[in-house]
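A.B. asks: Predicted model follows, preceded by the sequence.
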Amino acid sequence: MKKLLAISILSSFGLFIVACGGDSSEGNQAATSSNSSASSAESPSSVGVEKYDPKRGEGKFKDVALSEKLDVAMADAGSKTFDVKCSACHKLTTEKLVGPGWIGVTSRHQPAWIMNFITNTDEMINKDPAAQAQLEICLVRMPNQSLTDDDARALLEFMRKNDGVK
Amino acid sequence: MKNLKISMLGLTAIAVAFSFNSCKPKSVSNAVSGDAASKAYVAPGKYDEFYNFVSGGFSGQMSAYGLPSGRLLRVIPVFSVDPEKGWGFSEETKPMLNTSHGFVPWDDLHHVQLSKTNGDYDGRWAFGNANNTPRVARIDLKTFRTAEIIELPNSAGNHSSPFITENTEYVVAGTRFSVPADDANGDVPINTYKQNFKGYLSFISVGKEDGKLDIAFQIQCPGVNFDLSRAGKGVSHGWFFFSCYNTEQANTLLEVNASQKDKDFIMAVNWKKAEEYLAAGKGRKVAAKYAHNTYSDKTHSATSEIKTEVIVLDSKELKDMCYFIPCPKSPHGCDVNPTGEYIVGSGKLAAIIPVFSFDKIQKAIAAKDYAGDFDGIPVIKYESALYGEVKKPGLGPLHTEFDNKGNAYTSFFVSSEVVKWNIKDLKVVDRAPTFYSVGHLCVAGGDTKTPNGKYLVAYNKITKDRYLPTGPELSQSAQLFDISGDKMQMILDFPTIGEPHYAQICPADLLKNNCTKIFKIDENKNPYVSMGEGTTKVVRDKNRVDVYMTAIRSHLTPDNIEGIRIGDEVYFHVTNLEQDWDVPHGFAIKGATNGELLIMPGETQTLKWTPDRVGISPMYCTDFCSALHQEMQGYVRVSPAGSNVPLMFSTGKNIASAENSDKK
């Protein structure tokens, strides 16, 4: 009987291990990219691999080179993207609409953080302390607006313009 | 030890249950063995291995299921309006349901075909047929939406359709009801069927890149009922096969009068020959009237064009194009095996299954081995075309599909079973009961050159006691079989929408990575798009009012509109500004007599609204979109005709002043 018991415990253990491991395949993406849930499910695979840098955020951008002077053409392109994809929820002042007002955003966050946040929104909201604090205030998860890298850079330039860079 | 005793008891119980089952093979709960659940189980959050596209029958729609779980993934609106999705209700989608008869809100979709390249599914499009007002639809498998619908002139009851050739050169549409041609005087006595009624087979070409449908030619045939069809493949590529019944040419009480003859026909059509005649100018241009409707993912709207001409080839005059092959007792299915060599006829009232050989048909034609002609078309001798007969297969064979091991699977309506038989030696190797009265069946890749052979689904016509009762009407039932072993094993029952007829099963990998997730807002070419909230507006032109509106979590812009009057026709053009997957917004307004809108990210859709009373009409987003979805609402003020209330619209600005709020 003891043997039987041991076998059954072992086999249930085996099942348990199978159930816990290797769950990062297809079909699970949906859980982390869900748009309306406020849960902060972390993908287990990326934890502990690299230390999270709250200044840079999570995403493809590391060092964003800025010139001292404003790139006017780029800021204009950013303004157009703002009109279509951002202005429904953000004002250019301090006033909060759905999301926070944009004034001062380039001094609150590093350029890489901003570009990572607007292109990798879901993962940032799941992981970044500042983004999570903002979610507690706004209670609406910022949607991913499918920005290209160029769109994101142009928006950053437009934010700089809004913050007084000439 | 106690446990052991219990399990012994259990075993005995199972053994007893089995022995009972073997006595009563058709009882409700048998035919399922212990591991069935695990075979059909797909864990929460995991994807199915296959997509299953199923015809919706009299619902007019097509549905997509996951297999082996039987999960309903999506109902794709095709020929019938779908208020849930705004299909046929939004101004942009209404033209899709236009026909030569005007707007037709319903049809009966019987058969599904997936586009093929080299005889295998290529994952680009699905096709469906309208059985009532004859049409063929093309569904885009990136968006899972109907992209195109073409009507068929000279036809009535487009049943032997939308079967396709091995490189999707043509989608075929054969008329079920023969009728007088559209350009002939149709005001004739019904009992002049033999003189005046004709059958038309339409060959619809499919654009290689864009999938655009066009009726390349029609073949005029004797008046009979064209039931089902299949393209040749491999060795028989270039040919098409149609089952024909009512070769008695009866026009009343067909149940009796069209079941007189011992044999009807399968018609073999050499469509390469037809192409030659067409190129040589042998076709006759005939006046006709039929609608051709296309939907654009750039303008997010449909256009409908009425065409006025079609080219007809005459099967009687143009020799070496059409041949009849005798086939026992009102044939229904005529299915072609993976190599293309064998054509399986299924006589609904027959007690055998004839299997014809393409090679023998060719030899018989070369030797003019005919048993006379039918209305000018040669009839090949039965024995000269026959490879062999499957003896005693069951009662009422309907349809046959194939696996990758040389087996065929035929559905039997009357004896309610699926029968597996070997194509080479024509011997029955297995049979499995279905619950109840199976119609079509479908094997994964079962009509391609390389079937998958893992699963078979039986689509049953009668449900009875399979599910909890739901009043007089029950949903139809599909049954999933694992056919990977020697014995077919039933592993799942699942309900379907409408009445499923034919279906197709393709690997999920073929489609799942190509799916459209959003429409890019920068590419939106709808003339009524609002590119951002800054461009929203309300424009009056006499009694037409156009509202250019945006939706984003969680507000509509504008959400306060005043200055609308009785007598106005208001068009809400709603652009969804979201650019993230699975964030549609809906739009509804009180008293709208049509329906709602469901607007995908980056898309613009329009709802027409004619206010019928003075007062305040609320509007809101119908698709739960965020924590503040219930806040996503607004008001329209409707004033009497001739009112002076100025046109006003805004979001977030129309706030009561202190003195105003003291009044009323």
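C.D. replies: Received it, and whenever you're ready, just let me know what you need. Residues are numbered from 1 along each chain as shown, chains lettered A, B, ... in the order given.
A.B. asks: how many neighbours does residue 63 have?
C.D. replies: Since no chain was named, I'll use chain A. By the criterion of other CB atoms under 10 Å in any protein chain shown, A:Asp63 has 9 neighbours. Where you see a C-beta, it was placed from the backbone N, CA and C, and this is true even at glycine.
A.B. asks: hm, I was asking about chain B
C.D. replies: Neighbours of B:Ser63 (other CB under 10 Å): 22.
A.B. asks: I'd like the mean pLDDT over whichever strand or helix holds it, please.
C.D. replies: B:Ser63 belongs to strand B:62-67 when elements are defined using DSSP states H and E. Strand B:62-67 carries an average pLDDT of 98.
A.B. asks: Which secondary structure elements does it sit against?
C.D. replies: With contacts taken as 3 or more CB pairs under 8 Å, 6 or more residues apart in numbering or on different chains; DSSP states H and E, strand B:62-67 sits against strand B:50-55, strand B:71-76, strand B:489-496.
A.B. asks: buried residues in stretch B:512-522?
C.D. replies: By neighbour count on 16 or more other CB atoms under 10 Å in any protein chain shown, the buried set for stretch B:512-522 is B:518-519, B:521.
A.B. asks: Contacting chain A as well, which ones from those residues?
C.D. replies: The subset of those within reach of chain A, by CB under 8 Å from any CB of the partner chain, is B:518, B:521.
A.B. asks: Without its sequence neighbours, what residue ends up closest to B:Asp369?
C.D. replies: B:Ser384 (4.4 Å; CB to CB, 6 or more residues apart in numbering or on different chains).
A.B. asks: helix or strand right after the host helix or strand of that neighbour?
C.D. replies: According to DSSP H and E, B:Ser384 maps onto helix B:382-385. Using DSSP H and E, the helix or strand that follows helix B:382-385 in sequence is strand B:386-391.
A.B. asks: mean confidence for that next one?
C.D. replies: 97.
A.B. asks: Which one, of the helices and strands packed on strand B:62-67, ends up nearest to B:Glu603?
C.D. replies: B:Glu603 sits nearest to strand B:71-76 of all the helices and strands packed on strand B:62-67, at 16.4 Å, using CB to CB.
A.B. asks: Could I have the CA atoms of the closest one written out in PDB?
C.D. replies: The C-alpha atoms that make up strand B:71-76 are tabulated as PDB, following Å, rounded to 0.1, in the frame of the first residue of the first chain:
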ATOM      1  CA  ARG B  71     -15.500  26.000 -29.900                       C
ATOM      2  CA  LEU B  72     -17.400  28.500 -31.900                       C
ATOM      3  CA  LEU B  73     -14.900  31.100 -32.800                       C
ATOM      4  CA  ARG B  74     -16.900  33.400 -35.000                       C
ATOM      5  CA  VAL B  75     -20.100  33.700 -37.100                       C
ATOM      6  CA  ILE B  76     -19.100  35.400 -40.300                       C
END
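A.B. asks: Show me what it packs onto, helices and strands only.
C.D. replies: Strand B:71-76 packs on strand B:62-67, going by 3+ CB pairs under 8 Å, 6+ apart.
A.B. asks: re earlier: okay, buried residues for the helix holding B:Ser384 please.
C.D. replies: Buried residues in helix B:382-385, counted by 16+ other CB under 10 Å: B:384-385.
A.B. asks: Give me the contact list for it.
C.D. replies: For helix B:382-385, contacts defined as CB atoms under 8 Å, 6 or more residues apart in numbering or on different chains pick out B:263, B:325-326, B:354, B:356-357, B:360-361, B:363-364, B:367, B:369, B:371.
A.B. asks: would you put the C-alpha positions of the strand holding B:Ser63 in PDB?
C.D. replies: Presented in PDB, the C-alpha positions along strand B:62-67 are these (Å, rounded to 0.1, in the frame of the first residue of the first chain):
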ATOM      1  CA  MET B  62     -20.700  30.900 -42.300                       C
ATOM      2  CA  SER B  63     -19.200  29.900 -39.000                       C
ATOM      3  CA  ALA B  64     -15.600  29.200 -37.900                       C
ATOM      4  CA  TYR B  65     -15.000  26.600 -35.200                       C
ATOM      5  CA  GLY B  66     -11.900  25.300 -33.600                       C
ATOM      6  CA  LEU B  67     -11.100  21.600 -33.700                       C
END
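A.B. asks: Could you tell me the angle between it and strand B:71-76?
C.D. replies: Orientation check (axes from the mean of the first three to the mean of the last three CA atoms, to 10 degrees): strand B:62-67 against strand B:71-76 gives 160 degrees.
A.B. asks: Tell me the strands beside strand B:62-67, with direction?
C.D. replies: Here strand B:62-67 has these sheet partners by DSSP bridges: strand B:50-55 (antiparallel), strand B:71-76 (antiparallel).
A.B. asks: As a markdown table, the ones you listed with mean pLDDT and mean neighbour count would be great.
C.D. replies: Shown next, in a markdown table, are these (pLDDT from 0 to 100; neighbours: other CB atoms under 10 Å in any protein chain shown):
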| stretch | mean pLDDT | mean neighbour count |
| --- | --- | --- |
| strand B:50-55 | 98 | 27 |
| strand B:71-76 | 98 | 18 |
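A.B. asks: how about these in TSV, adding distance to B:Gly119?
C.D. replies: Supplementary listing: the strands paired with strand B:62-67 in TSV, determined by distance: least, CB to CB, whole Å:
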stretch	distance to B:Gly119
strand B:50-55	18
strand B:71-76	25
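A.B. asks: shaky segments in chain A?
C.D. replies: Counting by pLDDT under 70, chain A has low-confidence residues at A:1-50.
A.B. asks: Quick one: the helices in it, in order.
C.D. replies: A:2-20, A:29-33, A:72-81, A:105-108, A:111-119, A:121-127, A:129-138, A:149-162 (DSSP state H).
A.B. asks: is the third one anywhere near chain B?
C.D. replies: Spelled out, that is helix A:72-81. No. Using CB under 8 Å from any CB, helix A:72-81 stays clear of chain B, with a minimum separation of 8.7 Å.
A.B. asks: Just the buried residues of that helix, please?
C.D. replies: Within helix A:72-81, the residues scored as buried using 16+ other CB under 10 Å are A:74-75, A:77-81.
A.B. asks: quick one, domains of chain B?
C.D. replies: B:79-223+B:283-317, B:524-655 (automatic domain parsing).
A.B. asks: out of the ones you listed, nearest to B:Lys454?
C.D. replies: Once the domains of chain B are compared by CB to CB, domain B:79-223+B:283-317 is nearest, at 14.5 Å.
A.B. asks: The closest one: how far from the chain's middle?
C.D. replies: Centroid separation between domain B:79-223+B:283-317 and its chain, computed with CA atoms, centre = their mean, to the nearest Å, is 12 Å.
A.B. asks: and if you look at stretch B:483-497?
C.D. replies: So, by CA atoms, centre = their mean, the centroid of stretch B:483-497 is 22 Å from its chain's centroid.
A.B. asks: got it, and stretch B:66-84?
C.D. replies: Distance of stretch B:66-84 from its chain centroid, counting by CA atoms, centre = their mean, is 10 Å.
A.B. asks: Endpoint to endpoint, that stretch covers what distance?
C.D. replies: Stretch B:66-84 has its terminal residues 21 Å apart, counting by CA to CA, to the nearest Å.
A.B. asks: could you give the mean pLDDT of whichever strand or helix holds B:Val379?
C.D. replies: For B:Val379, the element it lies in under DSSP H and E is strand B:377-380. The pLDDT scores in strand B:377-380 average 98.
A.B. asks: quick one: B:Val344 and B:Leu441, what's the gap?
C.D. replies: Note on B:Val344: its distance to B:Leu441, by CB to CB, to the nearest Å, is 13 Å.
A.B. asks: whoops, B:Lys392 was the one
C.D. replies: 20 Å.
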